[in-house]
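Student: Sequence and predicted structure, then a few things I'm wondering about:
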Amino acid sequence: YFAEVCKLVCTIDSPCTAGAAGSGGSGGGGGGASSRLYRAVAATSRAVANLAGLSTMSNELAGEADVPPEDTGMLHVLRSVCGRNISIGNNGCTASRSHGFDHGVVFSAVPLKNGEIFQVRIESENSGWSGNLGIGIVWSVPTDASSLSSSAVALSPRSCGGVWLLSGSNLYHDGSVFKSNYCAETEWLKKGDVLGVQRRPDASLRFYLNNKELPIATSQVPSDVYAVVDVYGKAQSVSVISKRHPTTINATAVTPSGHVASDAVPVTSRSLRFHSVCGRNVTLCDDCVTAERAKSFNNALLFSARPLRNGEKFELRVEGVCERWSGSPLFGVTKRSPGELADSLPQSGQGLPAATWLMNRSAVFVNGVKVRNQCGYLHDGPLKWNVGDTFGVVCRDDVMHALYNGRELATTCPGVAKTCYAVLDLYGPVTKVKLLASASSGSDADDITAISDDITAAGSGGVSPVATTLAASTSTISTATTQAGRQAVVDAAMPRRTLQSPQSTCSASQSAALFKASLGLPDAFFDAQYDKCFCKQCHTLTGKSYVRAGDPPALHSEPEGWTLFALRLHPRAIEVHQVFQKWHAAFHGTASSAVRKILDTGFLLQPGDFAIGGTQLQEAVGHFNDQRKPAGFDTKKVFVSPSSGYAGHSSYARTTRFQIASKLFVAQVAFKVFIRPGSYTTGPQTLGAAFAQTSEPGIKMSEIEWSTKERGAIELCGLLIKVDPLAQARDPAVITL
């Protein structure tokens, strides 16, 4: 009833306002009448809301009854209730911290609508403080500014109902860290950077950094939440740059300009969407149901966010075509979850590991090998893709069937695994696709399995309300099946160390093992079941040159030519820090004489530190020191590199000549380490001409040195040894084995 009255008010008010412009005083009288009517309706709604114990927008208008209904094209504004060091200006669109580093919490004036993005931009900063801007949502806003905490992280659920916050690199829920290293880039915000937050129609929460969508934060957010901003630390002042949008927004995607798209199709948590793990040339939008390859013709792998149910169609519509490229998309299913593949995603579908079944316009591939020709939709000539074409697959039992333009074709691939993720290699002329809604013939058991797998793939570590409700309501599922599903989630969520194939018996690994034995290192340091050889022979068969790992993913090179002797890790590193899943891999070259000292200490030391035995470390001879260094360069750090070639340079991994029987060799040692994202800074190479660009073409020379002052931010993972033959020893001091 109240909504209908408001519509009537707007209908009355618009003609009166127009009359005021064209008919003198008669319009003014009408406008006053409509304003009085609006005030009466607002007062009535407040009274009804108070009786019902509800919080409505009319309560927000208390004392401001002359304000007309909101203009949906206006900027968001900030609430006057704010931290004691904050000044609100520019009609509620800016917030400045006058002094100190904290007490800078501000809120949006009204709740966010579904799909509406609230964005703020850093206008000024103070480099004298640590910490930075935070943003998030609260269920309700405190009415008393004096009760506000010093930072948004400390906001109490008792006063705000509930809190989700992105601050630094961590995601917080009700004051506790929900996900560490959620976004490392937000640790280093600067003037001009933009942070945004959005509550989507499917109840999920998303954050944005400079209009780039970050991974889903949670899927359990109520409606009518308020934005909260913490003008903290380095961030001195911010301005609101987002506009309010109508409640009829159905879209959930962000365009490059930061506005909400208007033609997206809402996707429920049980509908198919693309997984956030994807090729580097892919952009996802429309709540991950649309994918576009931004450049080139490859590096555009996509996966479904959960496994396909039995009989469920993975069907796509072509939205964009570039005839400059030849070839065809490759699509099908894989047993490997996207999370498993995140750190070693190949350039194309044919590079995916075992248990993958794919097809294109003319062939079927199993584990990257073509097993059948002349089986595509148009095997009598080249296929020209057009916008509007549809294609995909559907799996029934253990058979994968091809789909094309709404028809199920005779093209099949038997023998697929029961639980598989859909795969799309957005290759060649097709540059943009959109997932179509699909009805599934799967059972409730399939739904529970799919939801469990979806939770595991997302790495949320929790159980969604959808999964909980469905599990509770499906009495036909046996206890054994439910327990197995829960155990699968637990097993998949546990950090794992990949078990390597049986130890190599190649000459390189044997020589490395002999040199390792000469160092007299106790076996208790090592875990031999994870040893791996990266020599030219072994690595060609088993590995790749570059790998992306960590959260967020960072590129590092594989240690080609080296043999890895795995170290035993403390349970803290595996179970608490989850270094194999979340930290970045890097390398540290050293001298063979320092290996035992490093292992005894358990971590890498900085110049100036005292090692076991009382020896104080100094900068190595020939390296930068306090007397010889570039301006502003700090030598009192631990230096590592994502490049095994750079860390393994003889300036760092110093050579030792030794003899096996009558043959002469030269050996080098280094450590493979894990380093916590956000704890280090990057810098250019400092070897000069001694290390050419071509020595490590996959790593940026401007970011090849990583340095940190945090000793606890590095975990030793493995000892690397590289052995090369030497025709003639130039140094008379030769170790004979």
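Tutor: All right, it came through fine.
Student: Enumerate every residue touching residue 293.
Tutor: 279, 281-283, 300, 426, 431-432 (CB atoms under 8 Å, 6 or more residues apart in numbering). Placement of C-beta: from N, CA and C, glycine included.
Student: among these, who's most crowded?
Tutor: When neighbours are taken as other CB atoms under 10 Å, the top entry among the contacts of residue 293 is residue 300 (29 neighbours).
Student: Once you drop chain neighbours, what's closest to that residue?
Tutor: Excluding its sequence neighbours, the residue lying closest to residue 300 (CB to CB, 6 or more residues apart in numbering) is residue 426, at 3.8 Å.
Student: isn't the one you found right next to residue 327, touching?
Tutor: No - Residue 426 is not in contact with residue 327 according to CB atoms under 8 Å; the separation is 10.8 Å.
Student: What ranges does the stretch 601-737 of the chain have for its strands?
Tutor: 638-640, 656-660, 663-675, 681-683, 705-708, 714-726, 735-736 (DSSP state E, counting those that start in this stretch).
Student: Let me have these in a markdown table, extended by distance to residue 393 and mean neighbour count.
Tutor: Below are these laid out as a markdown table (distance: least, CB to CB, whole Å; neighbours: other CB atoms under 10 Å):
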| stretch | distance to residue 393 | mean neighbour count |
| --- | --- | --- |
| strand 638-640 | 43 | 24 |
| strand 656-660 | 55 | 18 |
| strand 663-675 | 38 | 22 |
| strand 681-683 | 42 | 14 |
| strand 705-708 | 42 | 22 |
| strand 714-726 | 39 | 22 |
| strand 735-736 | 59 | 12 |
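Student: closest one to residue 548 among the ones you listed?
Tutor: strand 663-675 (14.2 Å; CB to CB).
Student: Can you read off the pLDDT for residue 733?
Tutor: With respect to pLDDT, residue 733 has a value of 43.
Student: which outside residues touch stretch 77-92?
Tutor: 93-100, 102-109, 141-146, 148, 150, 226, 229, 231, 239-240.
Student: buried sites along that stretch?
Tutor: 77-79, 81-83, 85-86, 88, 92 (16 or more other CB atoms under 10 Å).
Student: who touches the residue nearest to residue 403 when sequence neighbours are not counted in this structure?
Tutor: Leaving aside its sequence neighbours, residue 403 sits nearest to residue 392 (CB to CB, 6+ apart; 4.4 Å). Shown in contact with residue 392 (CB under 8 Å, 6+ apart): 313-316, 331, 402-403, 422, 436.
Student: and with 7 Å instead?
Tutor: 313-316, 331, 403 (CB atoms under 7 Å, 6 or more residues apart in numbering).
Student: what's the span of stretch 278-291 from first residue to last?
Tutor: Stretch 278-291 has an end-to-end distance of 10 Å (CA to CA, to the nearest Å).
Student: now stretch 169-186
Tutor: End-to-end distance (CA to CA), stretch 169-186: 5 Å.
Student: Stretch 305-313 too?
Tutor: OK, stretch 305-313 end separation, CA to CA: 14 Å.
Student: Kindly report the same for stretch 207-221.
Tutor: 13 Å.
Student: if I look at residue 238, how far off is residue 712?
Tutor: 32 Å (CB to CB, to the nearest Å).
Student: So for those two, which residue has more residues nearby?
Tutor: Higher neighbour count among residue 238 and residue 712: residue 238, with 28 against 11, using other CB under 10 Å.
Student: now the helices: where do they sit in the stretch 251-400 of the chain?
Tutor: Remark: helices assigned in the stretch 251-400 of the chain by DSSP state H, counting those that start in this stretch are 338-341.
Student: avg pLDDT for the helix or strand where residue 538 lies?
Tutor: Assigned by DSSP states H and E, residue 538 belongs to helix 536-542. Helix 536-542 shows a mean pLDDT of 62.
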